[in-house]
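Q: generate coordinates for the sequence data below:
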Amino acid sequence: MVLITAASAAAARAVAAGRPADDYIALETRDASPAHFLFKIESCSLLQNCGIDKYETNDFVAGEHKWKLIICPNGEDKAKDSDYISIYLAMGDTSSMPANWEVNAVFSIFLYNQIHDNYLYSLGITRRFLGVKPQWGFSKFISKKFLTDPSNGYLVDDNCVFGAEVSVVKKEAFAIECLSLKNFEIPYKRDWKIPNFSKLGEFWKSEEFSAGGHKWAVKLYPKGTGDASGRHVSVYLYYYGSNTDTAWYVGSSDNWGRDAFMEIATITDPKKGFIVNDSCLLEVEISVKAVVQICNDGDGDCNGNGNDGFNGIGIIVLAVMSVVGSSSSDKIENERKRNWKIPNFSKLGKVWNSEQFSAGGHKWKINLYPKGNGEATGRSVSVFLQHLGSERVKAPFTVFIKNHENPGGYCKRVSDNLWFSASDNSWGWSSFIEIAEINDSEKRFIVNDSCLLDIEISVQAVAQ
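A: Numbering: from 1, shown residues only. Below is the predicted model of the structure:
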């Protein structure tokens, strides 16, 4: 059975309005007496005649601490609480407590029913007792009208009995985790030229470097490691934390990467241009997105100082590692330029697609929308370059629509240093050239209903 008094309902509305919660009280009944303290008041009606507005009991012990009850028979605040009994649990003698002491406790206040031989009690609440706030309780524990009604059984022969039960929450080691989000819009970039690639031992390791306020290193296994040994080059990014020897990021490991980063046959293929003059170009881009710090107990500031038992730091990182193909390879240089003469331009459908072609060891095609695409529909010609592979490829490119009669006359668009991927495999321009401009006979972009389209692609990096 749960009893919520009328005062409690009003107090609940006060809680909803953001006012103090002390007034809210839900009461239950039970047969068992309180575990720690009982306090009997005889001749209760004489309290007011004797001018006793506040009574503090002697100390009792619970959870290795001293406590006492404070009872205000006419309410703590006579202007607001005069129709209620106020009762509080307070810390007793604290002279032996250390400076800045703190005790967390779950407690209940009891009132004995002398007719039914059971107890009405407040549901346990948890509070933090401090030097500046040594007491907690209820300004409206129970109404005088309810208490003094003989049929309720709480005041019999002018006697009543209150009680208390206290359970101290022991402060043991606990973990504190702090997530700090970072906003690094520009990723940190680092590159290396690894000489004598064919003569490397089990692995090549970079020097330590800083990115996002943390220390890192890259380790490359030219003959692979783990399940990829003998088949792939393996590449890992290592995190070096200053707080522990076993710091971790993205999981519980201090390294992350790929066993099968790139096939050995691919990286050593002279046509790919990844190994030139027995040297390899390696790049890494790092964006530190978040830092998670974990500590045990202490002052809770998660900085590894003072009383904190610091035991870990987690880093959430966006990292792109690339083995870069050198453009000094004649094969790549020749493949990076391509041109088309598109006939019957006025009769093209929604989209013109080029045949597949190779550039930098990858397959591509051009998609041209003569009447535009997306928001540019009906206003501009749209042109996009599409990568036909699953790898992440960094390939800036330039597209030209050329004047038939003047080699120096053209409309040109130059891309940013874009990464193509399986999810973002097409880049270009919705508004490449206005339809009115490409059809202007004086511009000579369309002659005999044909259009000249050129592209230059520079494959700079591949992240597998």
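
Q: domains for this protein, by residue range?
A: According to the domain assignment given by automatic domain parsing, the chain is divided into the following structural domains: 2-169, 177-324, 330-463.

Q: of the ones you listed, which shows the lowest average pLDDT?
A: Taking each of those in turn, the one with the lowest mean pLDDT is domain 177-324, at a mean of 73.

Q: residue boundaries of the strands in the stretch 351-464 of the chain?
A: Under the criterion DSSP state E, counting those that start in this stretch, strands of the stretch 351-464 of the chain are mapped to 352-353, 357-359, 362-369, 380-387, 392-394, 397-402, 410-414, 419-420, 426-434, 446-447, 450-457, 461-463.

Q: measure R30 to S108 for me?
A: 10 Å (CB to CB, to the nearest Å). Where C-beta positions appear, they are placed from N, C-alpha and C, glycine not excepted.

Q: identify the contacts common to these two.
A: Both R30 and S108 are contacted by Y121, under the criterion CB atoms under 8 Å, 6 or more residues apart in numbering.

Q: of the two, who's got more company?
A: When R30 and S108 are compared on other CB atoms under 10 Å, the one with more neighbours turns out to be S108, at 22 against 13.

Q: got the strands of the stretch 351-464 of the chain as JSON lines, with distance to Y84 and mean neighbour count columns?
A: Putting the strands of the stretch 351-464 of the chain into JSON lines (distance: least, CB to CB, whole Å; neighbours: other CB atoms under 10 Å) gives the following:
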{"stretch": "strand 352-353", "distance to Y84": "83", "mean neighbour count": "14"}
{"stretch": "strand 357-359", "distance to Y84": "85", "mean neighbour count": "18"}
{"stretch": "strand 362-369", "distance to Y84": "78", "mean neighbour count": "19"}
{"stretch": "strand 380-387", "distance to Y84": "76", "mean neighbour count": "23"}
{"stretch": "strand 392-394", "distance to Y84": "71", "mean neighbour count": "22"}
{"stretch": "strand 397-402", "distance to Y84": "80", "mean neighbour count": "20"}
{"stretch": "strand 410-414", "distance to Y84": "79", "mean neighbour count": "14"}
{"stretch": "strand 419-420", "distance to Y84": "70", "mean neighbour count": "20"}
{"stretch": "strand 426-434", "distance to Y84": "72", "mean neighbour count": "17"}
{"stretch": "strand 446-447", "distance to Y84": "92", "mean neighbour count": "16"}
{"stretch": "strand 450-457", "distance to Y84": "83", "mean neighbour count": "19"}
{"stretch": "strand 461-463", "distance to Y84": "71", "mean neighbour count": "23"}
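
Q: surely D416 touches P396?
A: Yes. Using CB atoms under 8 Å as the test, D416 is close enough to P396 to be in contact (6.7 Å).

Q: just the helices in the protein please.
A: Counting by DSSP state H, residue ranges of the helices within the chain are 6-16, 46-49, 78-81, 144-148, 264-267, 330-335, 435-438.
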